[in-house]
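[1] Need a 3D model of the sequence below.
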Amino acid sequence: MFCEQCGSKTAPGQVCPGCGAVHDVPAEPVAGALCYLLGWITGIVFFLVDRRPSVRFHAAQSILTFGALSLLTVVLGRSSLFLPLVLWRLLGLLNALTGIGGVALALFLMLQAYRGNRYHLPVAGAYAEKLAEK
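    The predicted model follows:
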C-alpha cells in the first residue's frame, strides 16, 4: 500500500514514515475476522449481509467449522448421560478440550482473516469456497 498524500510505501493501520499520515485498516479484513467472533452465529449474519467474496468465504467457513464443533459438543454432552462414571468423566474432558480447541481455532482464524489471508481448513475450506461463489 502506498500513502495517498506523499506516495511512500506503508502498511494499513500504520503511520506513514514519509509524512506521518495515519492509514486506516481496510474494512474487508476486519469484517472477515469478525465472522469468527461468535462462531457460526456471526458467520450466518455476515453470510447473509455482506456480499464481498472474501467475507463470504470466512463467514461460510465459520458456519461450517463452528457449526460442526457445536454439534460435536452437544453429542458428547448428551452421550455422556448413558455411560458409566469413568467414561462420563473422559467424555467431559474431551468436551472441555473441544471447547478450548475451538476458542484457539477461532483466534487463529480471526488473525488470518485480519491479515487478509484466506486460510483454508482441510474440509471446511473447500466447501466454504464453493458457498462463497454462489
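
[2] Please report the distance of the spatially most central residue of the chain from Y119.
    Nearest residue to the geometric centre of the chain (CA atoms, centre = their mean): Y36, 3.3 Å. Look at Y36 and Y119: by CB to CB, to the nearest Å, they are 11 Å apart. For every residue, glycine as well, the C-beta is placed using N, CA and C.

[3] any residues in contact with both of the two?
    Residues touching both Y36 and Y119 (CB atoms under 8 Å, 6 or more residues apart in numbering) are 109, 113.

[4] so who does the nearest residue to G102 once chain neighbours are set aside touch?
    Excluding the flanking residues, the one nearest G102 by CB to CB, 6 or more residues apart in numbering is L69, at 4.8 Å. Contacts for L69 (CB under 8 Å, 6+ apart) come out as 39, 98, 102, 105.

[5] The second one: neighbour count?
    The one in question is T98. Around T98 there are 14 other residues, counting by other CB atoms under 10 Å.

[6] list the buried ones in whichever helix or strand G102 is part of?
    According to DSSP states H and E, G102 maps onto helix 85-114. Within helix 85-114, the residues that count as buried by 16 or more other CB atoms under 10 Å are 91, 95, 102, 105-106, 109-110, 112-114.

[7] mind listing what the residue nearest to the centre of the chain touches?
    Shown in contact with Y36 (CB under 8 Å, 6+ apart): 42-43, 58, 62, 66, 106, 109-110, 113.

[8] Quick check: next helix or strand after the helix holding G102?
    Later in the chain than helix 85-114, the nearest helix or strand by DSSP H and E is helix 124-133.

[9] Any regions of this structure where pLDDT drops low?
    By pLDDT under 70, the weakly predicted segments of the chain are 1-5, 7, 11-14, 23-26, 80.
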